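Undergrad: okay, here's the prediction I keep looking at, along with the sequence it came from:
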Amino acid sequence: MRRLDGHRDLSGGRRTWRDVGVLVAGQGATQLLNLAALAVVARTLGAADFGLVQVAVVMSAYAMVAAEAGLFTVGVRDLARLDDLTARRRLVANRSGLLLVLALVAMVMFAPLTRLLSLCAEDPILFLIYLGAVMPQAFMLDWAALGLGSALGAGLARVVRAAVYLLIVAAWWATSAGLWDQPARRWLGIVFLISLSAGNLVAWAVVRRRLSGGLRPVFEGGRSWLATLKTSFPVGTANVVRRVLYGTDILMLGILGSAAVAGRYAAAAKLGFVLVVGVEVALGALLPRLSRAWSQGSQEFALVLRRQLIVLVAVLAIAGSAGALLGPTVIGWVFGAAFAGSTSVLPLLMIAYPLLGIGLYLHEAQIAAHRQQGALIPLGAAAVAAVIGSFVMIPQRGAVGAAQAMILAHGLYALGGALRCRSLWRP
């Protein structure tokens, strides 16, 4: 149901799950497109270059998460609670200006690492290109579309990014090696930046229509930005630490092993991580509902939390089991014989990633209940476990050890979140 001011009513359970379905369907299409592109990329580059690109992607992700500073998550929550059109427009403009400034700061802070870290020495330009992703991220308005209740618009933006990426990869990228004396892996980074920008245009059009006006960034600065960052800082810190749970295994394999080992492991991780991406997408619809439920009282919040968690656990259990059974066949079909070593770690990752998905949901539930700081406790413990586990187990067991370290870390994250949420689902 849409109110007269154009803002969707997020309180209905059916609408919530319909929005989840829209987002998951959009992400499903996105993942299929990404999988097709990934097959071309992996087969063309080979395990070693593919591993180098994946390490660059992981390091770029750290910069992107730092530049976002939790503003996307908090922005969805804040926008979902506003009814006045002028106030919503002002919030989007102000957050966009802040995101652009943070992107510039991230570029300055992370750029020297491409020269200082020995891991980047093989191709520092490649790492700089992927670091540049913080700039198109600053103009992403997917969060605003979700906060305004347009799950379809946010999902469409993701699909467009994946479709543009696949189109360029299939039509041109594989023949780009040597163009202007640049290797193909660098051109792949340029394609990534172009695809991000294409999706941004879709989200911009959706949000502009909902807000009935322009969306020029506003640079208020001063107390306004400090107040916003004070609210988003715990979420942003959590996102940075959470990134350790997402990519420590690949990064440590690149440091302690080789690019080829990291590449084969990354192939399995790309397939398994679809489960986590699905949870993140679903949270785009679940978080506004939880935020509204919290404003309606602890009883309503507990009811919504229990229902959503039961459904999520059931879906992850089924999807993880299916992935463990079918994944090895899919890896061989998609990536080819060069990535045959990936099959040994995929069943382990299909245990780790559902646990991570549960931990993510319980973390976001605490954010909806304004318990951002407490949510950092299980996340921090899990991140420490991921780093220590990787250092200890990778030298002994290689890629299998990395996957086992992730099971330990993600299990701690889910268990810690469950303990922190006991008082929320039993008010």
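TA: The structure has been received and is ready for your questions. Numbers count the residues shown, from 1 in each chain.
Undergrad: could you use CA atoms for every contact and neighbour count after this?
TA: Noted.
Undergrad: and stretch 44-64, how far out from the chain's middle?
TA: Counting by Cα atoms, centre = their mean, to the nearest Å, stretch 44-64 is centred 16 Å from the centre of its parent chain.
Undergrad: looking at it, Val206 is touching Gly147, isn't it?
TA: No. Judged on Cα atoms under 8 Å, Val206 makes no contact with Gly147 at a distance of 11.9 Å.
Undergrad: and the two? which has more neighbours close in?
TA: Neighbour comparison, Val206 and Gly147: the larger count goes to Gly147, with 31 against 22 (by other Cα atoms under 10 Å).
Undergrad: can I get stretch 76-89 as PDB, trimmed to CA atoms?
TA: The C-alpha coordinates for stretch 76-89 follow below in PDB (Å, rounded to 0.1, in the frame of the first residue of the first chain):
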ATOM      1  CA  VAL A  76      17.900   2.900   5.200                       C
ATOM      2  CA  ARG A  77      16.800   3.000   8.800                       C
ATOM      3  CA  ASP A  78      16.600   6.800   9.000                       C
ATOM      4  CA  LEU A  79      14.900   7.300   5.700                       C
ATOM      5  CA  ALA A  80      12.300   4.600   6.500                       C
ATOM      6  CA  ARG A  81      11.200   6.600   9.500                       C
ATOM      7  CA  LEU A  82      10.700   9.900   7.700                       C
ATOM      8  CA  ASP A  83       7.300  10.900   6.300                       C
ATOM      9  CA  ASP A  84       7.900  14.400   5.200                       C
ATOM     10  CA  LEU A  85       9.100  14.700   1.500                       C
ATOM     11  CA  THR A  86      11.300  17.700   2.200                       C
ATOM     12  CA  ALA A  87      13.000  16.000   5.100                       C
ATOM     13  CA  ARG A  88      13.700  12.900   3.000                       C
ATOM     14  CA  ARG A  89      15.100  14.900   0.200                       C
END
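Undergrad: wouldn't Ala375 be in contact with Gln366 here?
TA: Yes. If you go by Cα under 8 Å, Ala375 and Gln366 touch, sitting 6.3 Å apart.
Undergrad: those two: which has the busier surroundings?
TA: Ala375 (24 against 20).
Undergrad: residues touching the more buried one, list them.
TA: 363, 366-367, 417, 420 (Cα atoms under 8 Å, 6 or more residues apart in numbering).
Undergrad: where is pLDDT lowest across those residues?
TA: Taking these together, the minimum pLDDT is found at Ile367 (80).
Undergrad: just the element for it, please.
TA: helix 346-368 (DSSP states H and E).
Undergrad: buried ones in the very next helix or strand once past that helix?
TA: Remark: after helix 346-368, the chain's next helix or strand is helix 372-397, criterion DSSP H and E. For helix 372-397, the neighbour count (16 or more other Cα atoms under 10 Å) marks 372, 375-376, 378-383, 385-387, 389-391, 393-394 as buried.
Undergrad: for Ala418, which non-adjacent residue is spatially closest?
TA: Nearest in space to Ala418, with sequence neighbours left out and distances taken as Cα to Cα, 6 or more residues apart in numbering, is Leu362 at 6.7 Å.
Undergrad: roughly how far out does the worst-scoring helix or strand of the chain on mean pLDDT sit from the chain middle?
TA: Within the chain, no helix or strand scores below helix 113-116, which has a mean of 72 by mean pLDDT, DSSP states H and E. From the chain centre to the centre of helix 113-116 is a distance of 24 Å (Cα atoms, centre = their mean).
Undergrad: what of stretch 293-309?
TA: Here stretch 293-309 shows a centroid-to-chain-centroid distance of 25 Å under the convention Cα atoms, centre = their mean.
Undergrad: which residues in the stretch 1-150 of the chain form helices?
TA: 13-68, 71-80, 85-110, 113-116, 124-131, 134-138, 142-147 (DSSP state H, counting those that start in this stretch).
Undergrad: what about Gly320, neighbour count?
TA: The burial count for Gly320: 23, using other Cα under 10 Å.
Undergrad: quick check: which element contains it?
TA: Judged by DSSP H and E, Gly320 forms part of helix 298-335.
Undergrad: that helix packs against which elements?
TA: helix 13-68, helix 259-272, helix 274-295, helix 346-368, helix 422-425 (3 or more Cα pairs under 8 Å, 6 or more residues apart in numbering; DSSP states H and E).
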